[in-house]
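# no FASTA, just this:
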């Protein structure tokens, strides 16, 4: 069974950049879409980005388009989220998950990103 572990979150300032990693273990990784989501306190979980198994297709949420970039290295079983021009409203716990037959499963525990103003 796939297990996902997010890392890279920390406290940064407005305008800074940060790269999150999502490492997979325990199964075949390269054939699945992998998505990033985030959840801020008191808010619903929000879609951030997703990437196809081969890395050729990427989709982004409107709030992060043109600032965030998703990528993957299947040889390392890792998906990345490069976040630029961070804003206080990007503060959230960021999660990754694998899409299986249209449903996101195998969620990680998340990594906290805090952007100070």
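Great, that's in hand. Values in this document were obtained by computation on a predicted structure and should not be read as measured data.

# can you classify residue 89 as helix, strand or coil?
On the three-state scheme (DSSP: H, G, I helix; E, B strand; the rest coil), residue 89 is labelled helix.

# contact partners for it?
40, 63, 115 (CB atoms under 8 Å, 6 or more residues apart in numbering). To be clear about C-beta, it is placed using only N, CA and C from the backbone, and glycine gets the same treatment.

# which ones among these lie within helices?
With DSSP state H as the criterion, helices contain none of those.

# hey, what's the residue nearest in space to the middle of the chain bridged with?
Centroid-nearest residue in the chain, with CA atoms, centre = their mean: residue 36, separated by 3.0 Å. For residue 36, the beta-bridge partners under DSSP bridges are residue 49, residue 96.

# ok, now residue 59?
Applying DSSP bridges, one finds that residue 59 bridges with residue 50.

# number of nearby residues for it?
14 (other CB atoms under 10 Å).
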